[in-house]
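A.B. asks: Kindly generate the corresponding structure for this input.
(2 chains)
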Amino acid sequence: MMRCLRLLVVGLLLLAAPGSAAPSAEQVKDVARDLVCLCGTCNRESLATCLCGTATSERALIGDMLHAGQSRAQIVASYVERFGPMGLAKPPEGYDVVWVVPLLMLGVGVLGVRQILVYWRGNRKAPPAGGPAHMAPQKSSAYDDKLRADLNEFES
Amino acid sequence: MVDIGYFAICLALAAGGYAVFASLLGAHRHHEGLIRSGENAALVLCGLYTVAALCLWYAIFTKDFQVQYVAENTSRSQPMQYVLASLWGGQSGSILFWGWVLAIYTGATILLNRHRYRALMPYAVAVLSVSCVFFAILSVFAADPFIRLPFTPQDGNGLNPILQHPYMAIHPPLLYFGMVGMTVPFAFGIAALIAGQLDNTWLRAMRRWLLIPWMFLGGGLLLGGKWAYVELGWGGYWGWDPVENASLMPWLAATALLHSVMIQERKGMLKVWNMVLLFFTFFMTIFGTFLTRSGIISSVHAFAQSNVGDYFVVYLVLITVGSAILLLRRLPDLKAENHLESFASRESAFLLNNWILLALLFAVLWGTMFPVISEALTDEKITVGAPFFNQVSIPMGLVLLFLTGAGPLFAWRRTSQESFRRNFGVPALWAIVTLVAMVLFGVRDFYALVSLTLCGFVTGSILLEFARGIAARRRTSAESVLRACYTLLTKSRRRYGGYLVHASMLMLFIGFTGTAFTVDREVVLSKGESAAIGAYTITFQSLAFGDDDTKSVSAAALTLERGDSFLATLVPQRHFYKRAQQNTTEVAIYSRWFEDFYIIFVGSAEDNASTKFQIYINPLVGCVWWGAGLFVLSSLWTMWPSARDRRMARLDRESSQADTWEPTLAPS
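C.D. replies: Here you go, the predicted structure:
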């Protein structure tokens, strides 16, 4: 607890230091959005929104690094160096599969829907001879539409 | 009392076992007495579970700290209103609560179907009892909430401070009623397969039992969002936490099922698919519980790691294998009765709805499980956080939003070009007007523009449906517009109640879109200092500290103004709970009808000379809460039995008393 408080105070003082030309909180948060808090109690909350002492001091550190002229990539790399790839809010390069699979699922789903529709279209029953279904399909008319709309309404 | 509780749960286990045995044997021998005996045993199980739950509550209320669960999940200083919530605040108590809720559902299913669906009931009772037995086994052998400590502690640990909130007292039970309730439609599905009664009877039997947990689950998720918004202090309401996802996934599956069963009811199609979807929905409720309780994922909601995970794995395997075998046996009886007339039809729209809902579900499942899979394969721990879920779910959500508006515009069987033009004209016009208005209003965010345009489309679609219904009624009767609208809603609850549910989804999406315009500011202020955020000005007035038995409180007072108008005095706080050694934030929110001003007290410098605040201006967030309310009310409206339903139930009752039934057990 004391450690958290110390970190909180240090973080606040760093951010609130008078005369500091540190980057704005928005710039810091923009970088912090790529990272998650790994204090162990916040459950990997975004470093941009986490309110614990560790997150506050880490954001202060990001502010210092931005102030020192480091790029976003350098700051993120430094965080990963300290905490491992678990510190990134989304999987690092080399984990493209995480993005590919949902797309693949969408594609497989499209194929599945198409197959079902084609199967349904082919699932026509042989109409009884002489019955109304035996009649040649006619072009839809406003009357058909009206009938269908009424039937829909009736069925509901 | 705890001994009585433990004894009751052991007896419930035995009663459940007997209910399974008697129901199956009774159905096999067509022996009504045995079937009734099985039902009565299940009712006894319900009573015994109630006794066990009341015993644990008694131990919690009387602060019997010799009971380990009580010592771990409550304390002397815990406010009385949250003592109730301690029943489900820990692992073993929540498993007992789960079993109790399931027993209540089982009892209600039996009592409401004493004279209906007699061919299905013995098997449904058997399936429900098997589920009860599983949770009773967990309570007896793996997560016994009645274990006594060898000593009596002076005080308990207390409920996690962040759970001590009114929303948290309601949100978990709602989710439990949602997750557990999915067992009932599953039981009817399995019963239909075993009994070979695969017409629409089982759909009629289970439809309302599907709507009830679906409403609880959706309501619980949204209430959880409200809790996160006011308690967790990060300005949002949905964080894609694995446990949130675990509850969302069965809701998505159930939503898909609610739509696709309509095709089966009207057209006799999708019979196999609906069974699969029903099993999958139930599977996801158990899988979600497994995720929460096994400790395999890291979550703010997760319970401590324990050996219940092994039991869940066995149960999941049994569910999967058992369902698959039954389904395969009955495949020849589940052939589609009709064909598709046209791709441009309501049937196709429902298929697309199923496609996008399931794609979203699998994306969420994949993102939730990926860290576990990745660690197992590469031994490297990685995080899949909100950026992944947002990136994947937003486009899919927009397709779903489009289908919410477009689906009802397609006619069953086929939609001619002419009616397509006629049906889509008005909603498309609404969409275009909304798009132009938003662009003129200065909205430039791509997803926000698409989302709001689609919201315009859905609004047009819903209004068109109501306008047509009202016009049709007024043609045949001299009703006023309001009267005609009311008649539509009461006479066609399912159809027009469904449109109201769509309207609630529309409001939710409008609320979600508001996140694109969130203003996020951090300010450090000294006393008397002001800061301008958007059109608002806050002035830091004072800082105060307090202390009681349970917590230390730091509070800041700020005045909020807009222009020259004073709006409110806001008092954001930080609490430090002494026993749990845990900080919590108590945010201050000033709500206007179109946006929230949301302020968090982050902390003060050591000399209290300056204090840091995190501020969010959240536009449209109120639509989420209004949408949540409308969702629950419209779902209730849709499922409420109409006069026609009550008449049908009476007829069912009368005919079942006159008829004899013969369940078919012949192998296919």
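
A.B. asks: low-scoring stretches of chain B, by residue?
C.D. replies: For chain B, the stretches with pLDDT under 70 are B:295, B:297-306, B:652-653, B:655-668.

A.B. asks: do the longest helix anywhere in it and chain A meet?
C.D. replies: Assignment by DSSP state H gives helix B:346-378 as the longest helix of chain B. Yes - contact between helix B:346-378 and chain A, assessed by CB under 8 Å from any CB of the partner chain, occurs at B:347-348, B:351-352, B:354-356, B:358-359, B:362-363, B:366-367, B:370, B:374. Backbone N, C-alpha and C define where each C-beta goes, glycine included.

A.B. asks: Pop the domain breakdown of chain A in here.
C.D. replies: Structurally, chain A divides into domains by automatic domain parsing as follows: A:2-87, A:96-120.

A.B. asks: CSV please, covering those domains and showing distance to residue B:168 and mean neighbour count.
C.D. replies: Shown next, in CSV, are these (distance: least, CB to CB, whole Å; neighbours: other CB atoms under 10 Å in any protein chain shown):
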stretch, distance to residue B:168, mean neighbour count
domain A:2-87, 16, 18
domain A:96-120, 32, 15
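
A.B. asks: now these as JSON lines including mean pLDDT?
C.D. replies: What follows is these, written out as JSON lines (pLDDT from 0 to 100):
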{"stretch": "domain A:2-87", "mean pLDDT": "78"}
{"stretch": "domain A:96-120", "mean pLDDT": "87"}
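
A.B. asks: nearest to residue B:218, of these?
C.D. replies: Taking CB to CB, domain A:96-120 is the member of those nearest to residue B:218, at 22.9 Å.

A.B. asks: hang on, the earlier thing: mind listing what's buried along the longest helix of chain B?
C.D. replies: By 16 or more other CB atoms under 10 Å in any protein chain shown, the buried positions in helix B:346-378 come out as B:346-371, B:374.

A.B. asks: what packs against the helix or strand just after it?
C.D. replies: The helix or strand immediately downstream of helix B:346-378 is helix B:386-406, counting by DSSP states H and E. Counting contacts by 3 or more CB pairs under 8 Å, 6 or more residues apart in numbering or on different chains; DSSP states H and E, helix B:386-406 is packed against helix A:97-122, helix B:346-378, helix B:417-441, helix B:446-476, helix B:493-513.

A.B. asks: For residue B:9, which of the ones you listed is the nearest?
C.D. replies: That would be helix B:346-378 among the helices and strands packed on helix B:386-406, by CB to CB, at 31.7 Å.

A.B. asks: Taking helix A:97-122 as reference, get the angle to that closest one.
C.D. replies: Orientation check (axes from the mean of the first three to the mean of the last three CA atoms, to 10 degrees): helix B:346-378 against helix A:97-122 gives 150 degrees.

A.B. asks: As a check, name the ranges of all helices in the stretch 201-350 of chain B.
C.D. replies: Using DSSP state H, counting those that start in this stretch, the helices of the stretch 201-350 of chain B run over B:201-227, B:242-267, B:271-294, B:308-330, B:346-378.

A.B. asks: and those as CSV, adding distance to residue B:556?
C.D. replies: Output for these, formatted as CSV (distance: least, CB to CB, whole Å):
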stretch, distance to residue B:556
helix B:201-227, 23
helix B:242-267, 30
helix B:271-294, 36
helix B:308-330, 43
helix B:346-378, 37
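
A.B. asks: quick one: residue B:122 and residue B:36 touch, right?
C.D. replies: No - if you go by CB atoms under 8 Å, residue B:122 and residue B:36 don't touch, sitting 9.6 Å apart.

A.B. asks: more neighbours, those two?
C.D. replies: Between residue B:122 and residue B:36, counting by other CB atoms under 10 Å in any protein chain shown, residue B:122 is the more crowded of the two (29 against 16).

A.B. asks: Leaving out the residues flanking it, which one is nearest to that one?
C.D. replies: Nearest residue to residue B:122, sequence neighbours excluded (CB to CB, 6 or more residues apart in numbering or on different chains): residue B:27, at 3.8 Å.

A.B. asks: Kindly report the same for residue B:428.
C.D. replies: residue B:457 (6.9 Å).

A.B. asks: Next, the contact list for the one you found, please.
C.D. replies: Residue B:457 makes contact with B:402, B:405, B:406, B:427, B:428, B:430, B:431, B:434, according to CB atoms under 8 Å, 6 or more residues apart in numbering or on different chains.

A.B. asks: so residue B:51 makes contact with residue B:10?
C.D. replies: No - counting by CB under 8 Å, residue B:51 sits too far from residue B:10 to count as a contact (11.4 Å).

A.B. asks: Can you list the residue ranges for helices in chain A?
C.D. replies: According to DSSP H, the helices that chain A contains are A:2-16, A:25-32, A:53-67, A:72-83, A:97-122, A:142-155.

A.B. asks: picking that back up, for the contacts of residue B:457, which one is nearest residue A:72?
C.D. replies: The shortest gap between residue A:72 and any of those belongs to residue B:402, at 35.1 Å (CB to CB).

A.B. asks: isn't residue A:29 right up against residue A:50?
C.D. replies: No - using CB under 8 Å, residue A:29 makes no contact with residue A:50, being 10.8 Å away.

A.B. asks: residue contacts, residue 75?
C.D. replies: I'll assume chain A. By CB under 8 Å, 6+ apart, residue A:75 lies in contact with A:31, A:62, A:65, A:66.

A.B. asks: ah, no, chain B please
C.D. replies: Residues in contact with residue B:75, defined by CB under 8 Å, 6+ apart, are B:155, B:156, B:157, B:158, B:159, B:579.

A.B. asks: tell me the SS of the last one?
C.D. replies: Look at residue B:579: counting by DSSP: H, G, I helix; E, B strand; the rest coil, its state is coil.

A.B. asks: my guess is it meets residue B:159, correct?
C.D. replies: No - here residue B:579 lies out of contact with residue B:159, judged by CB under 8 Å, at a distance of 10.4 Å.

A.B. asks: Quick check: chain neighbours aside, which residue is closest to the spatially most central residue of chain B?
C.D. replies: Residue closest to the average C-alpha location in chain B (CA atoms, centre = their mean): residue B:217, at 1.7 Å. Leaving aside its chain neighbours, residue B:217 sits nearest to residue B:178 (2.9 Å; criterion: CB to CB, 6+ apart).

A.B. asks: Now for the one you found: which residues touch it?
C.D. replies: B:213, B:214, B:215, B:216, B:217, B:218, B:219, B:220, B:247, B:250, B:251.

A.B. asks: Outline the domain layout of chain B.
C.D. replies: Here the domain assignment for chain B is B:393-515, B:517-622, based on automatic domain parsing.

A.B. asks: Between the two ends of stretch B:158-168, how far is it?
C.D. replies: End-to-end distance for stretch B:158-168, by CA to CA, to the nearest Å: 15 Å.
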